[in-house]
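**Q** Coordinates only, no sequence provided:
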């Protein structure tokens, strides 16, 4: 006796919901946020969607996106790192001081030293949290205060130190040639297509869960369309008056490189699988033989290194670093960036891309309200509303997932 058509269809619908529903926490807040923000601000000020403003918006948001990708590592564990803003500040101070004429370090050595210092801070804080079993909130809050104090000691009260190195300044202010941008994007899309088809095909041949060939083609097509759209945007003339400005900002390849690196680490390495496992159930991960303490320590270290990259970009964009650096506010925006993008505050679910998506929302809010001449207070309130909406979506999805079909 054949089963009813509805009975055969129900399991497929259940499986589809289980596969796609968690992803909505990353897609819905961003899509709704960007569409609503763009519609409101564009109706009030026609400059929002101009080429120059859109590129400027993404460059400004790159600091939040970079540090946010670091915060994703910690949130995946169900923890939080409140010190990342000032870890970024310390990295900015290190790279700035080392390229001063009196010090004379080459830019690459100063950059490496800044990242090493950031890694050491992350390892120290991670060790205190995992080995002494101290709450991450308390340890990183202490780090926020301590590293702010170190910045003040090095720079002096009210001190501002310019960045004299052209290469460091070019990270956030320089551009590739239009041809260079197309060549870079073409290479990236081809590499993404090759990895996608090879990996998805291998999983299908092995009988593992994998997208169909049609979905693989769709993923590559969407990535190619996004890459082409971004390249057309940055290669359009966004100069003022007779001054012509074209080309992809150098910070974009930096941002994309970090995104690819951490996506591979979290998605295709044993360490990444351990991070997700610990965030999902730390006790079960420990019983499975995972070295929980080491994985958690390394996750805090990766977060700090990523924040260090963000700090260097911050110093590059302003061509200086000063004691007015507000790492406390930055880290609050960074947490909002990751959560708005779709990373769960409860651990076990998230992706570095979520920080990039959330960063677009945050940057759009700040940029759009600045164009309208609204106060910083209104910007903070608007960001809070979007953050609460994204957390509400996260909680509802988790409850529905726990309730089952």
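**A** That came in fine, so what should we check first? In this text, all values refer to a predicted model and were calculated from it rather than measured experimentally. Residues are numbered from 1 along each chain as shown.
**Q** and stretch 328-339, how far out from the chain's middle?
**A** Mean-position distance between stretch 328-339 and its chain equals 10 Å (C-alpha atoms, centre = their mean, to the nearest Å).
**Q** Report the mean confidence score over it.
**A** On average, the pLDDT along stretch 328-339 is 87.
**Q** Give me the buried positions along it.
**A** By neighbour count on 16 or more other C-beta atoms under 10 Å, the buried set for stretch 328-339 is 330-339. C-betas here are computed from N, CA, C, even on glycine.
**Q** Stretch 373-383 too?
**A** Under 16+ other C-beta under 10 Å, the buried positions of stretch 373-383 are 379-380, 382-383.
**Q** which other residues reach that stretch?
**A** The contact list for stretch 373-383 (C-beta atoms under 8 Å, 6 or more residues apart in numbering) reads 333, 336, 362, 365-366, 369-370.
**Q** Off-centre distance for the helix or strand containing residue 184?
**A** Element membership of residue 184 [criterion: DSSP states H and E] is helix 178-205. Centroid displacement of helix 178-205 relative to its chain, using C-alpha atoms, centre = their mean, is 21 Å.
**Q** for residue 48, what are its contacts?
**A** Residue 48 neighbours (C-beta under 8 Å, 6+ apart): 38, 41-42, 54, 367-368, 371.
**Q** Just give me the closest of the residues you listed to residue 396.
**A** Relative to residue 396, the closest of the contacts of residue 48 is residue 38; by C-beta to C-beta it sits at 24.8 Å.
**Q** And the closest one, what's its pLDDT?
**A** 74.
**Q** That one should be in a helix, yeah?
**A** Yes - under DSSP: H, G, I helix; E, B strand; the rest coil, residue 38 sits within a helix.
**Q** residues touching it, list them.
**A** Contacts of residue 38 by C-beta under 8 Å, 6+ apart are 48-49, 364, 368.
**Q** I'd like these as CSV, with distance to residue 323 appended.
**A** Below are the contacts of residue 38 laid out as CSV (distance: C-beta to C-beta, whole Å):
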residue, distance to residue 323
48, 33
49, 36
364, 29
368, 29
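**Q** So which of the residues you listed sit within strands?
**A** Judged by DSSP state E, strands contain none of the contacts of residue 38.
**Q** Quick one: the helices in the stretch 51-200 of the chain, in order.
**A** Under the criterion DSSP state H, counting those that start in this stretch, the stretch 51-200 of the chain contains helices at 51-76, 84-98, 107-131, 136-155, 166-173, 178-205.
**Q** right, and the ones you listed - which one's nearest residue 265?
**A** helix 51-76 (9.1 Å).
**Q** so what does the closest one touch, helix or strand wise?
**A** helix 84-98, helix 213-235, helix 251-268, helix 270-280, helix 292-318, helix 327-341, helix 352-371 (3 or more C-beta pairs under 8 Å, 6 or more residues apart in numbering; DSSP states H and E).
**Q** wait, which of those is closest to residue 392?
**A** helix 327-341 (11.0 Å).
**Q** roughly how far is the closest one from the heart of the chain?
**A** The answer for helix 327-341 is 10 Å, by C-alpha atoms, centre = their mean.
**Q** What helices and strands are in contact with it?
**A** So helix 327-341, by 3+ C-beta pairs under 8 Å, 6+ apart, packs with helix 24-44, helix 51-76, helix 84-98, helix 136-155, helix 352-371, helix 376-403.
**Q** Give me the phi and psi angles of residue 249.
**A** phi -60, psi 140 (degrees, to the nearest 10).
**Q** Please report the distance of it from residue 239.
**A** Separation of residue 249 from residue 239 (C-beta to C-beta, to the nearest Å) stands at 14 Å.
**Q** Look at these two and report which has more neighbours.
**A** Counting neighbours by other C-beta atoms under 10 Å for residue 249 and for residue 239 shows that residue 249 has the greater number, 23 against 12.
**Q** OK, contacts around that one?
**A** Counting by C-beta under 8 Å, 6+ apart, residue 249 has contacts 55, 58-59, 172-176, 234.
**Q** a markdown table please, covering those residues and showing neighbour count, pLDDT and distance to residue 102.
**A** Written out in a markdown table, the entries for the contacts of residue 249 read as follows (neighbours: other C-beta atoms under 10 Å; pLDDT from 0 to 100; distance: C-beta to C-beta, whole Å):
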| residue | neighbour count | pLDDT | distance to residue 102 |
| --- | --- | --- | --- |
| 55 | 21 | 88 | 35 |
| 58 | 23 | 89 | 35 |
| 59 | 20 | 90 | 30 |
| 172 | 22 | 92 | 24 |
| 173 | 16 | 92 | 24 |
| 174 | 15 | 91 | 25 |
| 175 | 20 | 91 | 30 |
| 176 | 19 | 91 | 32 |
| 234 | 24 | 89 | 37 |
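**Q** which among the residues you listed gets closest to residue 106?
**A** residue 174 (17.4 Å).
**Q** Setting aside sequence neighbours, what's the nearest residue to that closest one?
**A** Excluding the flanking residues, the one nearest residue 174 by C-beta to C-beta, 6 or more residues apart in numbering is residue 250, at 4.6 Å.
**Q** Tell me which residues touch that neighbour, please.
**A** Residue 250 neighbours (C-beta under 8 Å, 6+ apart): 170-172, 174-176.
**Q** For residue 371, see how far away it is.
**A** Note on residue 250: its distance to residue 371, by C-beta to C-beta, is 25 Å.
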